[in-house]
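K.L.:
A predicted structure for the sequence below; I have some questions about it.
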Amino acid sequence: MESTVNLAYDYPLLGAFWTIMWIFLWVMWFFLLFRVVVDIFRDDGLSGWAKTGWLVFALVLPFLGVFVYVVARGKDMGRREQDHVRAKLRETDRYVRETVGTAGPADEAEQLAKLSEIRAKGDITDEEYRRAKEMVLHH
């Protein structure tokens, strides 16, 4: 007699739920590990040896290392991320100002034409274009 395998009976719904949950937790774990490693390298307040120590701790004993790092230094992780985003925004604004120039109001049309050209090349996004255009028109 030939037997067929019916997966619905071999792998119940609760088993599928647990599998999906474990996959989700593993993905979240790798995101957290990546964030901790990025934060270790981004923190200018840590010396090279401290960064090496945290990195070795997080990679040799990953669960314990990440847990201890988040408890000990996690409070400032968000602040460091915000500082990084602000610095990138300042750099973008500086680049736009430098590229467009800081000429007087008579050159507004020329500045807007330059901005349009930069956006057309893909060097700045639409949002950056909008902000730079507002800076040109309001200065």
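P.N.:
Arrived safely. Numbering: from 1, shown residues only.
K.L.:
Which pLDDT value goes with the residue nearest the centre of the chain?
P.N.:
Centroid check for the chain by C-alpha atoms, centre = their mean gives Glu81 as the closest residue, at 8.1 Å. We have a pLDDT of 89 for Glu81.
K.L.:
ok, Gln82 - contacts?
P.N.:
By C-beta atoms under 8 Å, 6 or more residues apart in numbering, the contact set of Gln82 is empty. All C-beta spots, glycine's among them, are computed from the backbone N, C-alpha and C.
K.L.:
same question for stretch 93-104, mean pLDDT?
P.N.:
Average pLDDT, stretch 93-104: 72.
K.L.:
now swap in stretch 65-77 and tell me
P.N.:
For stretch 65-77, the per-residue pLDDT averages 89.
K.L.:
Show me what counts as buried in it.
P.N.:
Residues 65-66, 69, 73, 77 are the ones in stretch 65-77 that count as buried (16 or more other C-beta atoms under 10 Å).
K.L.:
now, which of the residues you listed sits nearest Ser47?
P.N.:
Of all these, Arg73 has the smallest distance to Ser47: 13.9 Å, by C-beta to C-beta.
K.L.:
re the thing from before, make CSV from the buried residues of stretch 65-77 and add distance to Arg119 and secondary structure to it.
P.N.:
Below are the buried residues of stretch 65-77 laid out as CSV (distance: C-beta to C-beta, whole Å; DSSP: H, G, I helix; E, B strand; the rest coil):
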residue, distance to Arg119, secondary structure
Gly65, 44, helix
Val66, 41, helix
Tyr69, 41, helix
Arg73, 40, helix
Met77, 34, helix
